[in-house]
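Asks: for reference, the sequence and a predicted model appear below.
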Number of protein chains: 2
Amino acid sequence: MSPFALPSRLLMGPGPSNIHPRVREALSAPVLGHLDPLVLAMLAEIQDRLRAQFGTANPLTLAVSGTGSAGIESCLQGLIEPGDRVVVEVRGFFGARMAEMSVRAGGEVTRVETPWGEPADLDRLRAACHTVQPRIVAAVHAETSTGVGLPLGEVAAIAREVDSELVIDCVTSLGGMPVEVDRQGIAAAASCTQKCLGAPPGLAPVTLSPRAEARLAARRRPVPFYFDLPLIARYWSGDHAYHHTIAVNLIYALREALVLAAEEGAPARHARHGRHGIALAAGLEALGLEILAPVEHRLPMLTAVRVPPQVADEAAVRRHLLTAFNLEIGGGLGELKGKIWRVGLMGETSRMSHVVMLLTALGQVLGVAPEGIGAAIGAAGSHVEAAAPSGEGARTGS
Amino acid sequence: MSPFALPSRLLMGPGPSNIHPRVREALSAPVLGHLDPLVLAMLAEIQDRLRAQFGTANPLTLAVSGTGSAGIESCLQGLIEPGDRVVVEVRGFFGARMAEMSVRAGGEVTRVETPWGEPADLDRLRAACHTVQPRIVAAVHAETSTGVGLPLGEVAAIAREVDSELVIDCVTSLGGMPVEVDRQGIAAAASCTQKCLGAPPGLAPVTLSPRAEARLAARRRPVPFYFDLPLIARYWSGDHAYHHTIAVNLIYALREALVLAAEEGAPARHARHGRHGIALAAGLEALGLEILAPVEHRLPMLTAVRVPPQVADEAAVRRHLLTAFNLEIGGGLGELKGKIWRVGLMGETSRMSHVVMLLTALGQVLGVAPEGIGAAIGAAGSHVEAAAPSGEGARTGS
């Protein structure tokens, strides 16, 4: 199928999310060279805007030319030397991936594991850190595989107690809930562009503290060239020495998405994500579905619901939503495969109209009676009375 | 500056090159999920089209989600285990980079170096391979830093003599001159999208032979997760298990660029690049400039010319071309910085109208008299009489 024949879909999976028409238009601005003065000026602007998103003044703040995984692995490869002790908090697929990446970086990894769907066990994490005395503590802020959040401040305090560098996966949280790198003393944080930042996939914002940056400079063994953050930083904001040919159209789109985020303002944007996440959960529960995460640990932008026992083939439900409603939701990953659905409300997708659409479509596919669907929509709506009345759904593109 | 205010430029540097309007339009097709059946079908199509470009039937043929460097490093990280002996042919910046990447992958690296601008010394390369008996031989097909090509067949024969795996950087050659992976027995080849393939930057086509693929499977030490080609292949064409969220808009653009390349046909496309490269060289020499590469080793898509002695500030010439003519050419890299200009004729940029534009603009900036510029254009034109008369410049977008 040609790209020109592709349908627009409502992307309510774990990302990518829908993008604003301005972001979509920015994507196809003319290709320029990676050393063009106009591009270099845009990179500087993006760095400043990413600092605002991360809540940091870190000089080493930029977007790696790869997806979120490339950003996280750049941080882990840079900060872990062979034999370094690493404690990884694992409560889902992406925590397990951080542990795997840490092993591949040569770390001696201790996993503090919690059953998927449950919140982190901070007491065990603290005990492990005091026992192991790791150089690195790694954890996922918003566990996309389960919809379970992490109290960043408390984990940061644990890392401080044992003088470890804290590396955080903010792939799903950044842009949708507060991330305060400097205030919380996070050594390194990495994210992606296609979730709550509202850009297309392909770039990985990262930020590293000056202390972490000094550690990169003092490494004994070199990292892979493509992950060499000091060299990448030299291209972004030093003497612009060539490192690689940046994906300039994705840069345009990220810039536009960050401008939109700034226009909205972080408090309003986080509140929007929070409001619609609560509305969605209320609506899903009113449909008779069970949310995986305990209520006080739920993420606003990613809700995992258990597949109800009467559904024999959950993938068929997702296919039905895709073909009949042009609506994408996600399935489970790893040990949750076949057991949950994941519904995302990220960036431009986080709109009340989309909550209503999801409840309607999923309710119909599950055979819920019209009055049941109406009740679910009512339950969802009861949480957004404070929302702006000015047709917010109209802003959504793609 | 907003992306919406960016100018169109004629990109005649070492890449990115200009893209066709259809490719530009494909970029902004609606974002779809990385597991959407329509996206998965497009990935399969791209694999087939990349196999045609690489001249291979290799099952492991795909595009890594990063720039050309990520593709090359994926191959080197995968094929080199710590302590493996590697011979790298170095005749410019990108050969030196392959050597650096090989060191970072843990290889014991022997560099066979030739002064930058000169062709590879195949006798010394053969002697080094017979002495070292390396597991890997690595070389750049089209050295973008100097405009010097490599006789692939002869290098492949040397690698075969010592039963080594040959890893080739095809970043600048693929799509603009023949690359015959299967016929030449190349173990791994990596390229980029933004040069002769005519797509925007951000993806890295790679192909690995079944023997090289078996070697990846037999590795003792794991590679970084993001470079794990068997896992990436499993996402592209196995059970589509999630590895990362692919940059779907770049996928659309690459697909459209590959369709355009197929419509043109490889023989016509290679001939077009060859014709315009010869025309450009003739025109530049008629302007009184000296081409760095010996005539029989020149690349059609990248021509390096020496900065003439009367030019004190070569960067000022490039800035002048950019600001007054909206025309980008490249400077020198590494030890050639300040000494050469690099003029690219890649993909959509390889048009006779652009050769004429470059000769006119550069001639004017260098103070060549109008009749001298006219003579240079005439010299260039004398090489393209066989070219299609039907306004080929009109196809160029962006």
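Replies: Ah, there it is.
Asks: got the residues of the stretch 201-350 of chain A near chain B?
Replies: Applying Cβ under 8 Å from any Cβ of the partner chain, one finds that the stretch 201-350 of chain A approaches chain B through A:201-202, A:222-227, A:242-250, A:252-253, A:255-256, A:259, A:322, A:328, A:330, A:333. Where C-beta positions appear, they are placed from N, C-alpha and C, glycine not excepted.
Asks: filter those residues down to the buried ones.
Replies: Buried subset of these (neighbour count, 16 or more other Cβ atoms under 10 Å in any protein chain shown): A:201-202, A:223-227, A:242-250, A:252-253, A:255-256, A:259, A:322, A:328, A:330, A:333.
Asks: so what's the closest residue to residue A:49 other than its chain neighbours up against?
Replies: Closest residue in space to residue A:49, ignoring its immediate chain neighbours: residue A:258 at 3.9 Å, by Cβ to Cβ, 6 or more residues apart in numbering or on different chains. By Cβ atoms under 8 Å, 6 or more residues apart in numbering or on different chains, the residues touching residue A:258 are A:46, A:49-50, A:53, A:197, A:199.
Asks: again with residue A:270
Replies: Residue A:270 makes contacts with A:176-178, as judged by Cβ under 8 Å, 6+ apart.
Asks: make it 6 Å
Replies: Taking Cβ atoms under 6 Å, 6 or more residues apart in numbering or on different chains as the contact definition, residue A:270 lies against residue A:177.
Asks: look up how far chain B lies from it.
Replies: Distance, residue A:270 to chain B, using Cβ to the nearest Cβ, to the nearest Å: 23 Å.
Asks: now whichever strand or helix holds that residue: buried residues?
Replies: Per DSSP states H and E: residue A:270 is located in helix A:266-286. By neighbour count on 16+ other Cβ under 10 Å, the buried set for helix A:266-286 is A:266, A:269-286.
Asks: same question for stretch A:183-192.
Replies: Residues of stretch A:183-192 classed as buried by neighbour count (16+ other Cβ under 10 Å): A:184-192.
Asks: ok, stretch A:79-87 next?
Replies: So for stretch A:79-87, counting by 16+ other Cβ under 10 Å, buried means A:79-81, A:84-87.
Asks: so which residues of chain A form helices?
Replies: Using DSSP state H, the helices of chain A run over residues A:21-27, A:37-54, A:68-79, A:93-104, A:122-132, A:152-161, A:181-184, A:210-217, A:229-237, A:248-264, A:266-286, A:314-325, A:352-365, A:370-381.
Asks: chain center to the first one: distance?
Replies: Shown here is helix A:21-27, whose average C-alpha point lies 21 Å from the average C-alpha point of the whole chain (Cα atoms, centre = their mean, to the nearest Å).
Asks: who touches it?
Replies: Outside helix A:21-27, the residues within contact range by Cβ under 6 Å, 6+ apart are A:199, A:249, A:252-253, A:256-257, A:397-398, B:3, B:27-28, B:249.
Asks: could you do the shortest one as well?
Replies: For helix A:181-184, contacts defined as Cβ under 6 Å, 6+ apart pick out A:54-56, A:152-153, A:156, A:189, A:207.
Asks: export that helix as CSV, just CAs?
Replies: Taking C-alpha atoms only, helix A:181-184 is exported to CSV below (Å, rounded to 0.1, in the frame of the first residue of the first chain):
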residue,chain,number,x,y,z
VAL,A,181,15.4,16.2,36.8
ASP,A,182,17.3,18.9,38.7
ARG,A,183,15.0,19.1,41.7
GLN,A,184,15.0,15.3,42.1
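Asks: pLDDT added to the contacts of helix A:21-27, as JSON lines?
Replies: Shown next, in JSON lines, are the contacts of helix A:21-27 (pLDDT from 0 to 100):
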{"residue": "A:199", "pLDDT": "98"}
{"residue": "A:249", "pLDDT": "98"}
{"residue": "A:252", "pLDDT": "98"}
{"residue": "A:253", "pLDDT": "98"}
{"residue": "A:256", "pLDDT": "98"}
{"residue": "A:257", "pLDDT": "98"}
{"residue": "A:397", "pLDDT": "34"}
{"residue": "A:398", "pLDDT": "35"}
{"residue": "B:3", "pLDDT": "90"}
{"residue": "B:27", "pLDDT": "97"}
{"residue": "B:28", "pLDDT": "95"}
{"residue": "B:249", "pLDDT": "98"}
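Asks: outline the domain layout of chain A.
Replies: Domain ranges of chain A: A:10-263, A:266-383, per automatic domain parsing.
Asks: so which of those is the most packed in?
Replies: domain A:10-263 (a mean of 23; mean count of other Cβ atoms under 10 Å in any protein chain shown).
Asks: chain B versus the most centrally placed residue in chain A, what's the distance?
Replies: The centroid of chain A falls nearest to residue A:172 when counting by Cα atoms, centre = their mean (1.5 Å). Relative to chain B, residue A:172 is positioned 11 Å away (Cβ to the nearest Cβ).
Asks: out of everything not next to it in sequence, what's closest to that residue?
Replies: In space, residue A:172 comes closest to residue A:142 once its chain neighbours are excluded; the distance is 3.9 Å by Cβ to Cβ, 6+ apart.
Asks: list the ones among the buried residues of stretch A:79-87 that fall in strands.
Replies: A:85-87 (DSSP state E).
Asks: show me what the closest residue to residue A:322 other than its chain neighbours is bridged to.
Replies: Of all residues not flanking residue A:322 in the chain, residue A:328 sits nearest, at 5.8 Å (Cβ to Cβ, 6+ apart). Beta-bridge pairing of residue A:328 under DSSP bridges involves residue A:11.
Asks: one more: residue A:302?
Replies: In this entry, residue A:302 is beta-bridged to residue A:344, by DSSP bridges.
Asks: how about the contacts made by it?
Replies: For residue A:302, the contacting residues are A:144, A:147, A:172, A:344, by Cβ under 6 Å, 6+ apart.
Asks: stretch A:326-339: end-to-end distance?
Replies: Counting by Cα to Cα, to the nearest Å, you get 22 Å between the two ends of stretch A:326-339.
Asks: just give the closest residue to the residue in the stretch 251-398 of chain A positioned nearest to chain B, not the sequence neighbours.
Replies: Nearest to chain B in the stretch 251-398 of chain A, going by Cβ to the nearest Cβ, is residue A:252, at a distance of 3.7 Å. Excluding the flanking residues, the one nearest residue A:252 by Cβ to Cβ, 6+ apart is residue B:3, at 3.7 Å.
Asks: hmm, residue A:31 and that neighbour touching each other?
Replies: No. Residue B:3 is beyond contact range of residue A:31, at 11.3 Å (criterion: Cβ atoms under 6 Å).
Asks: make TSV out of the buried residues of stretch A:79-87 and add pLDDT and distance to chain B.
Replies: Compiled in TSV, the buried residues of stretch A:79-87 are given as follows (pLDDT from 0 to 100; distance: Cβ to the nearest Cβ, whole Å):
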residue	pLDDT	distance to chain B
A:79	98	14
A:80	98	11
A:81	97	14
A:84	98	16
A:85	98	19
A:86	98	14
A:87	98	19
